[in-house]
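Engineer: I'll drop the sequence and a predicted model, then ask my questions.
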Amino acid sequence: MEINGEQVNEVVRYDQLGLSPEIMRALDKKGYVQATPVQGGAIPYFMKWQDVIAKAPTGTGKTFAFGIPMVEHIDPENDAVQGLVLAPTRELAIQIMNELRDLCEFKEGVRAVVLYGGQPIDRQINQLKKRPQIVVATPGRLMDHMKRRTVRLDQVQTVVLDEADRMLDMGFIHDVTRILDQIKHRRNMGMFSATISREVMDISWVYQRDPVEIIVRPDEQNKPDIQQYRIEVDRNEKAEITARILDAAGYERAIAFCNTKNMTDRLTGLLRMRGITCEAIHGDIQQSVREKTLGKFRRGELRVLVATDVAARGLDIDDVDVVFNYDVPDETEYYVHRIGRTGRAKRHGVAYTLVSTITEAMRLDDIQKITRNDIHRLKYENGTLLDLEEEQK
């Protein structure tokens with residue numbers, strides 16, 4: 001990890017960070033003792049009300065890096081909104097809310113609410129009437145509440161943009177700047193991102209003051225343990241191969257990613273025909289249905305979750321056995337976030353990418369070069385997976 005350009009390799013325990021007994025109790029309940037690099041780097045500066053911009057891979061504990069100091073700074077006697085977290089997707093907003101709720105468990109009088117589109121706004125208005133001190137929101141829905149005057153941000157002290165790169169890429173930059181412009185008296189601001197794009201830097205230059213820059217590189221300490229494979233296959237055999245791999249390896253919890261909503265629905269049908277319990281989530285499915293599907297997947301009632309990239313970020317699921325790239329993703333970043341759903345929390349993970357055209361092969365070649373990942377080559381032939389690299393030796 002680098003802090004302001006200097007290498008820092010110190011291992012940090014939570015009990016070294018001067019945290020309250022209530023937060024320590026919440027961490028003990030989850031069995032957490034050692035902070036991740038991004039947490040050990042960011043928490044001390046957040047606690048001192050300094051601005052932070054952090055670049056860290058997905059799955060490295062960014063939520064607790066800003067969530068712990070945010071909860072610590074809340075005055076439970078003050079009913080005003082004091083902490084605000086902006087997230088690009090509903091799924092990520094819900095995940096952040098769940099983690100903050102765990103942190104607040106023993107902090108009496110500290111309340112949090114999540115605001116996102118696709119949920120009845122009247123229900124959220126009722127939750128806001130309970131005077132939460134922390135608001136987690138997607139930018140568009142927060143703007144709706146601001147226009148209705150159902151939420152006030154004039155006493156917000158800490159603002160965090162989580163997955164800032166994704167949020168700005170999705171076209172939220174105008175909403176984000178309008179929201180930030182309304183928070184006149186904030187004491188500090190955090191930006192967390194897997195990549196530091198020009199748009200992220202522009203926001204930092206305008207709204208942050210001398211931010212501490214933290215970079216956590218995907219080295220062996222924090223890089224997920226994911227065995228990656230590419231399989232050369234005919235297009236019409238993709239579903240069959242996916243089912244055969246699931247059964248042969250005995251995977252109990254899998255996510256299969258497709259590039260389009262139509263393909264997501266089609267693959268779901270093909271896997272069900274083969275006796276595999278699965279459901280799809282994508283942007284055309286109602287949010288309430290998506291949440292029920294995710295709940296069933298977490299409880300182990302579904303073996304496979306078939307998804308578009310809307311689900312690649314923000315899924316609060318730590319024990320996915322395997323990821324299938326049913327379609328080769330259009331962007332390198334999507335590949336990284338897709339396979340990052342497995343191999344989390346120090347577990348071993350597996351990712352298969354199915355390649356059926358020259359275009360897909362070239363795209364995966366580029367992904368491999370950019371990410372410097374070792375993607376092992378396999379081929380499906382006559383009902384058997386063959387190791388191409390072993391054949392070539």
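Structural biologist: Arrived safely. Because the structure is a prediction, the values reported are computed rather than measured.
Engineer: Torsion angles phi and psi at Val212?
Structural biologist: Phi and psi for Val212, reported as degrees, to the nearest 10, are phi -80, psi 130.
Engineer: from memory it sits against Asn4, does it?
Structural biologist: Yes. The criterion here is C-beta atoms under 8 Å, and Val212 meets it with Asn4 at 6.2 Å. (Each C-beta comes from the backbone N, C-alpha and C, glycine too.)
Engineer: Settle it for me: which of those two has more neighbours?
Structural biologist: Set Val212 next to Asn4 and count neighbours by other C-beta atoms under 10 Å: Val212 wins out with 19 against 11.
Engineer: got the contact list for the more buried one?
Structural biologist: The contact partners of Val212, by C-beta atoms under 8 Å, 6 or more residues apart in numbering, come to 3-4, 42, 45, 50-53.
Engineer: confidence score at the residue nearest to it when sequence neighbours are not counted?
Structural biologist: Leaving out its chain neighbours, the residue that sits closest to Val212 by C-beta to C-beta, 6 or more residues apart in numbering is Tyr45, at 4.7 Å. We have a pLDDT of 95 for Tyr45.
Engineer: Report all helices and strands that the helix or strand containing Tyr45 contacts.
Structural biologist: Using DSSP states H and E, Tyr45 sits in helix 37-47. Helices and strands touching helix 37-47, by 3 or more C-beta pairs under 8 Å, 6 or more residues apart in numbering; DSSP states H and E, are strand 52-55, helix 62-73, strand 188-193, strand 212-215.
Engineer: Which one, of the ones you listed, ends up nearest to Tyr352?
Structural biologist: Evaluated over those, closeness to Tyr352 peaks at helix 62-73, with 26.9 Å, by C-beta to C-beta.
Engineer: which helices and strands does that closest one pack with?
Structural biologist: Helix 62-73 packs on helix 21-30, helix 37-47, strand 52-55, strand 83-86, helix 90-103, strand 158-162, strand 188-193, going by 3+ C-beta pairs under 8 Å, 6+ apart.
Engineer: Burial check on the residue nearest to Val212, number of neighbours?
Structural biologist: Tyr45, neighbours per other C-beta under 10 Å, totals 20.
Engineer: still on that earlier bit, which pair in the contacts of Val212 spans the largest distance?
Structural biologist: Ile3 and Asp51 (13.4 Å).
Engineer: And the pLDDT for Thr260?
Structural biologist: 91.
Engineer: do you know how far it is from Ala137?
Structural biologist: According to C-beta to C-beta, to the nearest Å, Thr260 stands 28 Å off from Ala137.
Engineer: among the contacts of Val212, who's most crowded?
Structural biologist: Most surrounded of the contacts of Val212: other C-beta under 10 Å gives Ala42, at 31 neighbours.
Engineer: List the contacts of that residue.
Structural biologist: Per C-beta under 8 Å, 6+ apart, neighbours of Ala42: 52, 54, 65-66, 69, 190, 212, 214.
Engineer: at 7 Å instead, please
Structural biologist: By C-beta atoms under 7 Å, 6 or more residues apart in numbering, the residues touching Ala42 are 52, 54, 65-66, 214.
Engineer: try Val12
Structural biologist: 35, 40.
Engineer: Would you mark the buried spots in stretch 209-217?
Structural biologist: Judged by neighbour count (16 or more other C-beta atoms under 10 Å), stretch 209-217 contains these buried residues: 211-216.
Engineer: residue contacts, Ala35?
Structural biologist: So Ala35 contacts 12-14, 43 (C-beta under 7 Å, 6+ apart).
Engineer: Strands of the stretch 101-250 of the chain, residue ranges please.
Structural biologist: 112-115, 134-137, 158-162, 188-193, 212-215, 225-232 (DSSP state E, counting those that start in this stretch).
Engineer: export those to JSON lines and tack on mean pLDDT and distance to Thr277?
Structural biologist: Output for those, formatted as JSON lines (pLDDT from 0 to 100; distance: least, C-beta to C-beta, whole Å):
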{"stretch": "strand 112-115", "mean pLDDT": "95", "distance to Thr277": "28"}
{"stretch": "strand 134-137", "mean pLDDT": "97", "distance to Thr277": "31"}
{"stretch": "strand 158-162", "mean pLDDT": "96", "distance to Thr277": "32"}
{"stretch": "strand 188-193", "mean pLDDT": "93", "distance to Thr277": "35"}
{"stretch": "strand 212-215", "mean pLDDT": "92", "distance to Thr277": "41"}
{"stretch": "strand 225-232", "mean pLDDT": "87", "distance to Thr277": "23"}
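Engineer: Take the ones you listed and write them to CSV, including distance to Ile241.
Structural biologist: Conversion of the strands of the stretch 101-250 of the chain to CSV gives the following (distance: least, C-beta to C-beta, whole Å):
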stretch, distance to Ile241
strand 112-115, 38
strand 134-137, 39
strand 158-162, 36
strand 188-193, 35
strand 212-215, 39
strand 225-232, 7
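Engineer: Cool, thanks, talk later.
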